[in-house]
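K.L.:
Following is a predicted model, sequence given first.
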Amino acid sequence: MNTCDEINRLTEEYRHLLKKPVSNMAGISKFATGEIKDLLVSKGEWSPRASEHLLDLASAYGSFMLRNALALSIALQIEDGELGF
């Protein structure tokens, strides 16, 4: 599977997972944040700390910056970052 296919698959998995708590994908309410973290732990197999960090990254940077960070990390062949997630 190539990188684009993998990203598309992951995006669809998260859309399916988050269908209920996030009806407005442009914003995340404080209520939905807790529910999303719980779903990431229970269904997404993330640790509580990693799920919080993942959601914080998505909220703070958004898809534009993270797409570019992804492309740069792939070009630099960085599989796992310094934080160890």
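P.N.:
Now that the structure is in, tell me what you want to look at.
K.L.:
Need the residue closest to the centroid of this structure.
P.N.:
Leu54 (5.4 Å; C-alpha atoms, centre = their mean).
K.L.:
any idea whether Glu6 is helix, strand or coil?
P.N.:
Under DSSP: H, G, I helix; E, B strand; the rest coil, Glu6 falls in the helix class.
K.L.:
Can you report how many residues neighbour it?
P.N.:
Using other C-beta atoms under 10 Å, Glu6 is surrounded by 10 other residues. All C-beta spots, glycine's among them, are computed from the backbone N, C-alpha and C.
K.L.:
The one 10 residues further on now?
P.N.:
Burial measure for His16: 9 neighbouring residues, criterion other C-beta under 10 Å.
K.L.:
Show residues contacting the helix or strand hosting it.
P.N.:
Element membership of His16, judged by DSSP states H and E, is helix 3-17. Residues outside helix 3-17 that contact it (C-beta atoms under 8 Å, 6 or more residues apart in numbering) are Met1, Leu39, Leu40, Lys43, Gly44, Leu70, Ile74.
K.L.:
6 Å instead, please
P.N.:
Residues outside helix 3-17 that contact it (C-beta atoms under 6 Å, 6 or more residues apart in numbering): Leu39, Lys43.
K.L.:
hmm, back to that, name the helices or strands packed onto the helix or strand harbouring the residue nearest to the centre of the chain?
P.N.:
If you go by DSSP H and E, Leu54 is part of helix 48-75. Packing contacts for helix 48-75, counted by 3 or more C-beta pairs under 6 Å, 6 or more residues apart in numbering; DSSP states H and E, involve helix 30-42.
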